[in-house]
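Chemist: Need coordinates for the following:
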Amino acid sequence: MASLALTAAGAEISTPWGGLLNRVSILLISLWPPSIDLEQQLPQAMGYELSCLRYVILDLFLATIMCTAMASQQIVYMNKGQGETSYACNSQIQSGAQNRMKPPIEAAINELRSSTTSLLPAQMLIADLGCSSGPNAVELVSVAAEAINRHCDKLQQPPPEVCLFLNDLPGNDFNMVVKSLHTLRQRSSSTVTTGVIPGSFYERLFTTGSMHLFCSSNSLHWLSEAPEVLRRNQIPAYDIDENVRRERLPIVIEAYAQQFRKDFKNFLKLRATELVEGGHMVLSLIGRHPHESTSEFSDLWEIVAKILRVMASEGVIDKAKFESFYVPIYAPSDQELRDIIQEEGSFCTKDLMLHDLTIFVDNSSINASWALNQMRAVFEPIIVQHFGDVMDEFVRTAEQRWSEEGSLQDELGRHQTVAFTMSLTKA
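Modeler: Numbers count the residues shown, from 1 in each chain. Sure, this is the predicted structure:
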């Protein structure tokens with residue numbers, strides 16, 4: 001928790017709610033009865049300065065406010081560890097999407113060389129934003145490092161010093177990530193340093209003009225927050241009543257689309273500040289097929305929401321809790337991406353490709369257990385954060401829903417998952 005250090009001048013609180021809480025602290029201090037002199041009325045041998053007691057009480061009061069506010073915030077991270085439902089053991093589809101990023105990453109490395117000498121910069125800084133955990137975490141920065149070595153070997157040039165960063169939210173499972181980075185450094189034949197940068201990629205992460213290449217895979221469809229306009233007006237992202245849901249769907253989709261536009265524009269602006277002139281980004285995210293009607297803001301989420309809706313209708317979870325559950329995820333179309341990139345203006349789009357992610361799935365392995373493990377790897381932490389320990393019932397409800405032969409395949413077939421891979425150059 002952020003420090004709530006109090007001084008005689010008032011509360012100085014470094015939090016997203018700092019301004020509000022500072023005003024509250026000033027109000028509380030002004031309301032403290034001035035006639036009560038704690039220092040004189042209570043013995044001095046208490047072991048601390050009793051004149052500070054009012055600030056201790058105020059500190060506790062503000063800490064309570066902070067805990068309540070922080071509890072309402074969603075913290076997105078994948079299922080940790082190496083277990084059956086962990087992200088590390090259920091990210092083969094994501095690995096397939098990363099494989100499609102290798103050619104544009106290699107092309108970006110080649111384009112970073114000097115136009116006059118063909119030399120790469122003497123130092124190169126590369127980062128994967130939203131690395132998550134498991135075997136995929138170091139894949140993209142490894143591809144970039146290997147491309148640098150091949151380029152230098154081909155032209156018989158000394159390799160540059162390379163610094164590889166991995167970024168994700170502080171709740172990410174960084175234990176395996178750090179071990180993988182250590183292994184990567186040991187097997188490198190050139191000078192490679194590595195580091196972990198915890199934090200949101202919707203904030204500044206690196207110094208101005210310092211980075212050469214950013215990569216990001218399977219992350220940018222996650223928003224900085226669910227749309228505030230829906231939460232403020234208590235419009236559920238997914239109503240229990242199907243007729244009401246369909247009636248409100250255009251409002252919900254538009255709110256999520258606007259939140260994505262805001263977040264992606266901010267992401268582009270921040271990365272443009274951190275990149276060198278002519279720096280590159282290679283990004284991949286879940287999207288919506290160009291010919292698919294906008295029926296939901298995320299096909300991935302709709303499958304999960306249908307299971308939770310059954311649980312709410314059966315009384316397993318509270319209906320009000322279900323209708324206050326907003327998952328911060330949005331799958332854009334390719335045209336939305338192009339429009340936002342052009343509107344923001346910091347980057348030129350070199351390439352934007354669509355991939356059908358179902359080609360990375362072995363159809364013979366598709367069953368209820370496989371589908372549940374895939375969903376739990378991604379959504380379990382945020383579900384448990386909101387509803388509590390309900391995953392056993394979630395599994396039971398899903399298995400019952402898919403008990404009829406072919407029902408799971410039919411549901412997955414209605415939700416074609418695609419990804420966009422784009423290569424951008426700083427304008």
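Chemist: give me the element residue 354 is part of.
Modeler: Taking DSSP states H and E as the definition, one finds residue 354 inside strand 347-356.
Chemist: Send me that strand as PDB with only the CA atoms.
Modeler: Output of strand 347-356 as PDB, limited to C-alpha atoms (Å, rounded to 0.1, in the frame of the first residue of the first chain):
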ATOM      1  CA  PHE A 347       4.000   5.700 -36.000                       C
ATOM      2  CA  CYS A 348       3.900   4.400 -39.600                       C
ATOM      3  CA  THR A 349       2.300   1.000 -40.100                       C
ATOM      4  CA  LYS A 350       4.600  -1.200 -42.100                       C
ATOM      5  CA  ASP A 351       2.500  -4.300 -41.900                       C
ATOM      6  CA  LEU A 352      -0.700  -5.500 -40.200                       C
ATOM      7  CA  MET A 353      -1.600  -9.200 -40.600                       C
ATOM      8  CA  LEU A 354      -4.500 -11.300 -39.400                       C
ATOM      9  CA  HIS A 355      -4.000 -14.900 -38.000                       C
ATOM     10  CA  ASP A 356      -6.600 -17.500 -37.200                       C
END
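Chemist: Flag every buried residue along whichever helix or strand comes after it.
Modeler: The first helix or strand that comes after strand 347-356 along the chain, using DSSP H and E, is helix 368-387. Neighbour counts over helix 368-387 (16 or more other Cβ atoms under 10 Å) mark 368, 371-383, 386-387 as buried. (C-beta placed from N, C-alpha, C; glycine too.)
Chemist: Now stretch 374-392: average pLDDT?
Modeler: For stretch 374-392, mean pLDDT is 91.
Chemist: What's the local residue count around residue 344?
Modeler: 17 (other Cβ atoms under 10 Å).
Chemist: these two touch, right, it and residue 269?
Modeler: Yes - counting by Cβ atoms under 8 Å, residue 344 does reach residue 269; the two are 6.3 Å apart.
Chemist: what are the ranges of the strands in the stretch 101-250 of the chain?
Modeler: Taking DSSP state E, counting those that start in this stretch, the strands of the stretch 101-250 of the chain run over residues 123-129, 161-168, 192-198, 211-217.
Chemist: C-alpha coordinates for the third one, PDB please?
Modeler: What follows is the C-alpha trace of strand 192-198 in PDB, where atoms were taken according to Å, rounded to 0.1, in the frame of the first residue of the first chain:
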ATOM      1  CA  VAL A 192      23.700  -9.300 -22.900                       C
ATOM      2  CA  THR A 193      22.300  -7.700 -19.800                       C
ATOM      3  CA  THR A 194      18.700  -8.300 -18.600                       C
ATOM      4  CA  GLY A 195      16.200  -6.800 -16.300                       C
ATOM      5  CA  VAL A 196      12.600  -7.000 -15.100                       C
ATOM      6  CA  ILE A 197      10.400  -3.900 -15.200                       C
ATOM      7  CA  PRO A 198       7.200  -4.300 -13.200                       C
END
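Chemist: Tally up the residues packed near residue 395, please.
Modeler: When neighbours are counted by other Cβ under 10 Å, residue 395 registers 18.
Chemist: and which of the buried residues of helix 368-387 is nearest residue 414?
Modeler: residue 371 (13.3 Å; Cβ to Cβ).
Chemist: pretty sure that closest one contacts residue 402?
Modeler: Yes - using Cβ under 8 Å, residue 371 is in contact with residue 402, at 7.5 Å.
Chemist: what do these two both touch?
Modeler: Residues touching both residue 371 and residue 402 by Cβ atoms under 8 Å, 6 or more residues apart in numbering: residue 408.
Chemist: where's residue 335, which helix or strand?
Modeler: Applying DSSP H and E, one finds residue 335 within helix 334-344.
Chemist: hmm, back to that, note down every partner strand of the strand holding residue 354 and its orientation.
Modeler: Paired strands of strand 347-356, with direction, are strand 418-426 (antiparallel) (DSSP bridges).
Chemist: pLDDT on the partner strand, on average?
Modeler: pLDDT averaged over strand 418-426 gives 95.
Chemist: Just the angle for that strand relative to helix 334-344, thanks.
Modeler: Our comparison of strand 418-426 with helix 334-344, counting by axes from the mean of the first three to the mean of the last three Cα atoms, to 10 degrees, yields an angle of 20 degrees.
Chemist: Centre of the chain to strand 418-426, how far?
Modeler: Chain-centre distance of strand 418-426: 17 Å, with Cα atoms, centre = their mean, to the nearest Å.
Chemist: Give the residue spans of the chain that score low on pLDDT.
Modeler: Residue ranges of the chain with pLDDT under 70: 1-75, 115-116, 189, 291-297, 405-406, 413, 415.
Chemist: Try it again at 80.
Modeler: For the chain, the stretches flagged by pLDDT under 80 are 1-77, 79-93, 95-96, 114-118, 135, 187-190, 290-300, 358-365, 404-417.
Chemist: In it, where's the longest strand?
Modeler: Longest strand of the chain, by residue count under DSSP state E: strand 275-287.
Chemist: Following element in sequence after that one, please.
Modeler: Using DSSP H and E, the first helix or strand after strand 275-287 is helix 299-313.
Chemist: Next secondary structure after that next one?
Modeler: Per DSSP H and E, helix 299-313 leads on to helix 319-323 as the next helix or strand towards the C-terminus.
Chemist: Report the buried residues of that next one.
Modeler: Going by neighbour count (16+ other Cβ under 10 Å), the buried part of helix 319-323 is 322-323.
Chemist: One more: stretch 215-228?
Modeler: 215-224, 226-227.
Chemist: what separates it from the chain centre, distance-wise?
Modeler: Its chain's C-alpha centre and that of stretch 215-228 lie 5 Å apart, by Cα atoms, centre = their mean.
Chemist: Extract the C-alpha set from it and format it as PDB.
Modeler: Output in PDB follows, covering the C-alpha atoms of stretch 215-228 (Å, rounded to 0.1, in the frame of the first residue of the first chain):
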ATOM      1  CA  CYS A 215       7.600  -6.300 -28.600                       C
ATOM      2  CA  SER A 216       4.200  -7.200 -27.100                       C
ATOM      3  CA  SER A 217       2.200 -10.400 -27.600                       C
ATOM      4  CA  ASN A 218      -1.300 -11.300 -26.400                       C
ATOM      5  CA  SER A 219      -1.400  -8.300 -24.000                       C
ATOM      6  CA  LEU A 220      -2.800  -5.100 -25.600                       C
ATOM      7  CA  HIS A 221      -6.400  -6.400 -25.700                       C
ATOM      8  CA  TRP A 222      -6.300  -6.000 -21.900                       C
ATOM      9  CA  LEU A 223      -7.500  -2.500 -21.000                       C
ATOM     10  CA  SER A 224      -6.200  -0.200 -18.200                       C
ATOM     11  CA  GLU A 225      -9.600  -0.500 -16.600                       C
ATOM     12  CA  ALA A 226     -13.200  -1.400 -17.500                       C
ATOM     13  CA  PRO A 227     -15.200   1.500 -18.900                       C
ATOM     14  CA  GLU A 228     -15.900   4.000 -16.100                       C
END
